[in-house]
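In: have a look; sequence and predicted model below, questions after that.
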Amino acid sequence: MYSKKIFKLTIPIICVLIVVLLVTIALAADKTKEKSRIAKQQAVTNGPIVPDNWKWHKIGTLWNRVTNFGMAGDDAYVDRSPSCDYPGGSGNSYLYRGSLWLTARVDGVVHSSQLEDHEFSPLDSVHVFTGEGTRSEQDTYTRYYDVQAPLANDHTPLGLEITERTYAWSESFRDDFIIYEYTIKNVGIDTNGDGYPDTPRDLTEFYFSYRMDADVSKLPHWPAEYRFSNQDDLGACNAFWDWIELIPEWAEVDHGLTEENADSSMMIMWDDDNPHYPADNGEDNDRGNPGPDGTLQSPGFIGYRILKTEPASFKVRSIRQNHIYNDPGTDLEAYNRMISTTEFEGPVQSGGVPFPYDYRVILTVGPLDTLAAGDSVVVTAALGIGSDPERGGIYSLMELVKNMDVAKVIVDADYQIASLAAPSPELRVEEYVQNGVVEGVKVVWDNTPEMNERFQGYKVWKSDGKTAAGAFNWQPLGWGFYADTTDSPSWPPPTGDEPNTYQIIDPNVLNGFDYYYSVQSVSYDELFGVMESNILTNLKYISPATPPATDLSRVKVVPNPYRGSAMWNNPIPSDSEPWQHRLQFTNLPADASVKIFTLDGDFVDEIVSGEIARKTGAFEGADNMGVAEWDLITRNNQEVAPGIYLYVVDSPTAGQKVGKFVIIR
């Protein structure tokens with residue numbers, strides 16, 4: 001039986017005051033630690049250990065990094081890659097670090113192998129598999145062990161080898177989670193120092209633990225340690241739902257969470273109200289991080305749920321919490337405080353109310369009385385997000401529970417759930433040019449999804465930017481939903497110029513601005529209801545541009561004046577869109593170069609026709625030879641100052657033109 005104890009912690013105010021100092025140290029140490037890690041690992045010249053390696057799941061709504069050393073996500077302070085980014089492509093990270101802990105007794109003494117102490121070493125790279133023979137749309141496979149750990153200090157190996165497999169999908173009913181399968185084998189220890197296990201040994205009182213340090217959530221432009229990310233989280237579990245009553249506005253909602261949903265299998269974290277700071281929109285309550293316009297920047301809940309264990313008697317034992325300043329310091333302390341107990345904890349309280357802070361939640365399975373030499377256990381879990389982007393709060397929790405229930409159905413069916421939904425159509429976008437002038441964007445897609453018996457129609461979307469949470473601000477294009485039903489006024493979509501295609505002309509565009517388009521297929525299944533292909537699967541970008549000119553009469557600087565806060569810019573740089581500032585010189589001849597000067601005649605930079613500032617390779621139309629983009633970085637690699645600038649266009653075929661433009665920060 002679980003305990004409903006909600007433990008209390010007193011956090012010294014001094015801890016908050018030293019966060020800035022810790023950030024400074026951490027930022028400097030981040031790269032130093034990585035250099036040390038690489039140097040130590042390179043010193044291992046024998047044995048089976050291979051270099052650190054990682055890949056990413058980027059096909060669903062949840063994007064995450066998979067590593068070959070026991071970590072889920074990316075805990076880098078700088079240049080972070082997707083780490084439970086939700087929605088995918090937003091750069092909004094819901095996970096700082098997910099880590100594996102394995103604990104047992106050796107000759108009666110407790111030892112624990114933990115990711116944080118570099119006690120797992122990679123045995124293989126991360127391999128990605130798609131297509132025939134896979135369990136999901138995108139499988140990964142890797143191996144690591146704790147037999148030899150050259151990066152660890154004072155490590156006592158348990159002699160365990162872990163085979164990790166992950167599974168991800170793009171279909172809307174299962175694109176919010178990634179399933180992890182761990183096969184943990186007792187391979188024995190290395191006694192002659194060659195890195196290979198050679199001595200079998202039984203382990204007693206064996207535990208599997210998973211530590212989730214979520215930091216819900218973190219936008220790319222927020223500092224590494226920030227009041228809106230890691231300093232105001234709460235954690236809980238699904239062993240009981242009484243803790244919902246601690247938040248009055250949640251208690252009033254008919255959330256439908258009952259004992260059927262309370263199976264003690266899942267730990268949960270979310271962004272709560274930091275009472276010391278208002279939200280970006282000035283409101284006192286910053287739960288979910290309302291942006292300046294009130295849009296929730298952190299509406300989602302992250303969860304980690306145990307779906308299956310082999311043997312079945314290997315059950316979830318506890319879900320415990322601690323905060324940033326009282327992490328266990330030794331294996332024995334971790335065992336006594338976080339692993340061996342049988343408590344399932346709700347949110348931390350202070351004075352009878354939830355106390356948001358920088359927490360870690362630890363879920364433990366076990367113990368297994370004996371993990372004999374050569375034997376294995378298998379633990380299957382799901383890491384996922386639930387989000388109601390408009391309402392957040394309890395509604396996002398309800399979505400998380402529903403998503404994790406779907407993950408359980410998939411595992412219980414041994415992954416034998418076919419690809420039910422119709423696939424995404426092939427999509428193409430291009431400038432719609434009339435009489436040498438761009439009059440819009442042509443959106444073209446094929447009809448192959450209609451071959452699926454569950455096909456119901458298409459949803460056509462357009463976006464001209466992102467919300468405060470980093471998600472595209474999708475708006476319907478044309479009818480929006482083209483429903484393949486009897487007497488539907490929207491069916492069929494407009495016929496394309498090519499056989500078996502549809503097309504829409506979008507006239508509401510401006511040259512030089514970025515636009516994003518996607519076409520989803522919509523399907524229906526009795527079990528899972530309405531299913532949509534992932535909106536990011538065929539996402540296309542375009543920055544419309546008139547074809548190259550033959551003279552200099554229509555050369556323009558767009559925008560002019562340039563404003564640093566305008567929608568033209570990219571306020572939330574991300575892994576897929578790292579650029580931030582840019583302006584364009586349009587209607588150029590294909591052979592033109594543009595030199596930029598201050599009013600005093602100082603040479604600032606030079607760009608040429610066809611050059612783009614974003615350098616992502618994902619933009620169609622941005623590399624038009626009639627356009628040159630500038631990233632507002634000088635030839636000395638410095639950000640350009642506000643002011644008035646001169647430009648000189650030189651074209652061997654069309655001559656020279658001089659003009660001015662203004663930059664306002």
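Out: Structure received. Numbering: from 1, shown residues only.

In: and the longest strand along the chain, which residues are buried?
Out: Determined from DSSP state E, the single longest strand within the chain is strand 359-371. Across strand 359-371, burial judged by 16 or more other C-beta atoms under 10 Å covers Y359, R360, V361, I362, L363, T364, V365, G366, P367, L368, L371. Heads up, the C-betas are built off the backbone N, CA and C, glycines and all.

In: and if you look at stretch 127-139?
Out: By neighbour count with 16+ other C-beta under 10 Å, stretch 127-139 contains the buried residues V128, R135, S136, E137, Q138, D139.

In: state the pair within the residues you listed that is farthest apart.
Out: In terms of C-beta to C-beta, the buried residues of stretch 127-139 reach their longest pairwise distance at V128 and R135, which sit 13.0 Å apart.

In: okay, now the unreliable bits of the chain?
Out: For the chain, applying pLDDT under 70 flags the ranges 1-46, 564-579, 613-623.

In: listing partners with orientation, what would you give for the longest strand of the chain?
Out: With DSSP bridges as the test, strand 359-371 is paired with strand 203-213 (antiparallel), strand 316-323 (antiparallel).

In: where do the strands sit along the stretch 251-400 of the chain?
Out: Remark: strands assigned in the stretch 251-400 of the chain by DSSP state E, counting those that start in this stretch are 266-271, 301-310, 316-323, 349-350, 353-354, 359-371, 376-386.

In: what packs against the fourth one?
Out: Translated: strand 349-350. Applying 3 or more C-beta pairs under 8 Å, 6 or more residues apart in numbering; DSSP states H and E, one finds that strand 349-350 makes contact with no other helix or strand.

In: then the first one?
Out: Helices and strands touching strand 266-271, as assessed by 3+ C-beta pairs under 8 Å, 6+ apart, comprise strand 203-213, strand 233-237, strand 301-310, strand 359-371, helix 393-412.

In: for those, which one sits closest to V106?
Out: strand 203-213 (6.7 Å).

In: and the closest one with strand 233-237, angle?
Out: Calculated by axes from the mean of the first three to the mean of the last three C-alpha atoms, to 10 degrees, strand 203-213 forms an angle of 140 degrees with strand 233-237.

In: may I have strand 203-213 as PDB, with CA atoms only?
Out: C-alpha atoms of strand 203-213 as PDB (Å, rounded to 0.1, in the frame of the first residue of the first chain):
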ATOM      1  CA  LEU A 203      23.200  -9.400  -6.900                       C
ATOM      2  CA  THR A 204      20.700  -9.200  -4.100                       C
ATOM      3  CA  GLU A 205      17.900  -6.700  -3.400                       C
ATOM      4  CA  PHE A 206      18.000  -5.200  -6.900                       C
ATOM      5  CA  TYR A 207      16.200  -2.000  -7.800                       C
ATOM      6  CA  PHE A 208      15.500   0.000 -11.000                       C
ATOM      7  CA  SER A 209      15.100   3.700 -10.500                       C
ATOM      8  CA  TYR A 210      14.500   6.600 -12.900                       C
ATOM      9  CA  ARG A 211      15.300  10.200 -11.900                       C
ATOM     10  CA  MET A 212      13.400  13.000 -13.700                       C
ATOM     11  CA  ASP A 213      14.800  16.500 -13.400                       C
END
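
In: and it, what's buried?
Out: For strand 203-213, by 16+ other C-beta under 10 Å, it's L203, E205, F206, Y207, F208, S209, Y210, R211, M212, D213.

In: pretty sure K55 sits against Q138.
Out: No - with contact defined as C-beta atoms under 8 Å, K55 does not count as touching Q138 (9.4 Å).

In: shared neighbours of those two, which are they?
Out: The contact sets of K55 and Q138 overlap at V128 (C-beta atoms under 8 Å, 6 or more residues apart in numbering).

In: distance of the residue lying closest to F228 once chain neighbours are set aside from G457?
Out: Closest residue to F228 apart from its sequence neighbours, by C-beta to C-beta, 6 or more residues apart in numbering: N289 at 4.9 Å. According to C-beta to C-beta, to the nearest Å, N289 stands 35 Å off from G457.

In: what residues are bridge-paired with the spatially most central residue of the chain?
Out: A centroid search over the chain (C-alpha atoms, centre = their mean) returns D85, at 1.4 Å, as the residue closest to the centre. Beta-bridge partners of D85, counted by DSSP bridges, are W63, S93.

In: what's the answer for G529, then?
Out: Beta-bridge partners, per DSSP bridges, of G529: D525.

In: how close does P200 get to N186?
Out: Separation of P200 from N186 (C-beta to C-beta): 8 Å.

In: what's the neighbour count on the residue nearest to D202 when sequence neighbours are not counted?
Out: Residue nearest to D202 in three dimensions, not counting chain neighbours: A372, with 5.0 Å by C-beta to C-beta, 6+ apart. Neighbourhood size, A372 [other C-beta atoms under 10 Å]: 14.

In: over to E245?
Out: Neighbours of E245 using other C-beta under 10 Å come to 11.

In: with R65 instead?
Out: By other C-beta under 10 Å, the residues close to R65 number 24.

In: double-check that it belongs to a strand.
Out: Yes - assessed by DSSP: H, G, I helix; E, B strand; the rest coil, R65 belongs to a strand.

In: name the element the residue nearest to it when sequence neighbours are not counted belongs to?
Out: Nearest residue to R65, sequence neighbours excluded (C-beta to C-beta, 6+ apart): D74, at 4.6 Å. Counting by DSSP states H and E, there is no helix or strand that carries D74.

In: which one of the buried residues of strand 359-371 is nearest G193?
Out: L371 (24.1 Å).

In: for this structure, just list every one of the helices.
Out: Secondary structure of the chain (DSSP state H): helices located at 13-17, 19-42, 248-251, 331-334, 393-412.

In: how near is E639 to F603?
Out: 17 Å.

In: close enough to count as contact, T295 and K466?
Out: No - look at T295 against K466 with C-beta under 8 Å: they stay out of range, at 10.3 Å.

In: G465 is in contact with W474, isn't it?
Out: No - with contact defined as C-beta under 8 Å, G465 does not count as touching W474 (10.5 Å).

In: which other residues reach stretch 287-297?
Out: Contact partners of stretch 287-297, identified using C-beta under 8 Å, 6+ apart, comprise 92, 217, 219, 228, 271-273, 279-281, 283, 298-299, 389-390, 392-393, 467-470.

In: list buried residues within these.
Out: 92, 217, 219, 228, 271-273, 279-280, 298-299, 389, 392-393, 467-470.
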